[in-house]
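Enquirer: The following comprises the amino acid sequence and a computationally predicted model.
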Amino acid sequence: MYMRNIRFSSALVAIALAFVFCSPAFADKPKLDSNSAFYEGQTYNYVLPAPPGYQMLVEEAGWEGYSFAFIPEKERYASASVHIGVSIYKQADISLQSLLKRDTIQIRRDFGKTVVIRSIDPLKTSSGEIVKVFYVDDKSRFIPTLILAYLDGKTEFAAYQVSVAKDTPRFEAEIAFDEAIRRIKLLERATYSETKK
């Protein structure tokens, strides 16, 4: 299987599994479990759950430069039929435009100039943020990278890369990706004075 060449090469973020998470900023208590990632950003707290039927992996994903990844349950990371790699970047370190340019250059380097990268309709998270989505395709041959997506959280970006194995229908990855995005919840961080009543 193709091992994803595009690496979101920022430092790994601190991922706390949901079962250890408790914060007054999460007043409406989104549903969390061991397949949900939590990231405490400067502006928002991010809850990034796995889509149904998927598991979250941190260590193996870190070896490829991701913060974490979602793969189908009961599959192994190296041979997963669908791979949703996620990375968190601080906007102070890189702009969205620079990130898009870098990822586009890397895709062209990996797959050549016949690859088409096109913007498609954005998706919304469960808390209403817009996620910019780019579809990657080459009608003349199979390429594993299917989708690139970027969530702008004001002070951070969450970048998604979706890849599929050669014998996996692309729509399976698209459905899982769509579910993962729709389950994201960003909650404004509360200051100590706001939480103490």
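Expert: Thanks, I have the structure now. Residues are numbered from 1 along each chain as shown.
Enquirer: any idea of the mean pLDDT in whichever strand or helix holds T104?
Expert: T104 is part of helix 96-111, with elements assigned from DSSP states H and E. Predicted confidence along helix 96-111 averages 91 (mean pLDDT).
Enquirer: In PDB, could you pull the C-alpha coordinates for it?
Expert: Extracted in PDB, the C-alpha atoms of helix 96-111 (Å, rounded to 0.1, in the frame of the first residue of the first chain):
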ATOM      1  CA  LEU A  96      -3.200  28.900   5.400                       C
ATOM      2  CA  GLN A  97      -2.000  30.200   2.000                       C
ATOM      3  CA  SER A  98       1.500  28.900   2.700                       C
ATOM      4  CA  LEU A  99       0.100  25.500   3.900                       C
ATOM      5  CA  LEU A 100      -2.000  25.200   0.700                       C
ATOM      6  CA  LYS A 101       1.000  26.100  -1.500                       C
ATOM      7  CA  ARG A 102       3.300  23.600   0.300                       C
ATOM      8  CA  ASP A 103       0.700  20.800   0.100                       C
ATOM      9  CA  THR A 104       0.000  21.500  -3.600                       C
ATOM     10  CA  ILE A 105       3.700  21.500  -4.400                       C
ATOM     11  CA  GLN A 106       4.200  18.200  -2.500                       C
ATOM     12  CA  ILE A 107       1.200  16.500  -4.300                       C
ATOM     13  CA  ARG A 108       2.600  17.600  -7.700                       C
ATOM     14  CA  ARG A 109       6.100  16.300  -6.700                       C
ATOM     15  CA  ASP A 110       4.600  12.900  -5.600                       C
ATOM     16  CA  PHE A 111       2.100  12.400  -8.400                       C
END
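Enquirer: how about it: buried residues?
Expert: Judged by neighbour count using 16 or more other C-beta atoms under 10 Å, the buried positions of helix 96-111 are 99-100, 103-104, 106-107, 111. All C-beta spots, glycine's among them, are computed from the backbone N, C-alpha and C.
Enquirer: Stretch 145-160 too?
Expert: For stretch 145-160, a neighbour-count test (16+ other C-beta under 10 Å) marks 145-151, 153, 156-160 as buried.
Enquirer: from those, which is closest to R170?
Expert: L146 (5.9 Å; C-beta to C-beta).
Enquirer: ok, A69 - contacts?
Expert: The contact partners of A69, taken as C-beta atoms under 8 Å, 6 or more residues apart in numbering, are 56-57, 60-61, 77, 83-86.
Enquirer: Can I get those residues in JSON lines including secondary structure and distance to L187?
Expert: Formatted as JSON lines, the contacts of A69 follow (DSSP: H, G, I helix; E, B strand; the rest coil; distance: C-beta to C-beta, whole Å):
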{"residue": "M56", "secondary structure": "strand", "distance to L187": "19"}
{"residue": "L57", "secondary structure": "strand", "distance to L187": "24"}
{"residue": "E60", "secondary structure": "helix", "distance to L187": "28"}
{"residue": "A61", "secondary structure": "helix", "distance to L187": "24"}
{"residue": "Y77", "secondary structure": "helix", "distance to L187": "29"}
{"residue": "H83", "secondary structure": "strand", "distance to L187": "27"}
{"residue": "I84", "secondary structure": "strand", "distance to L187": "22"}
{"residue": "G85", "secondary structure": "strand", "distance to L187": "24"}
{"residue": "V86", "secondary structure": "strand", "distance to L187": "18"}
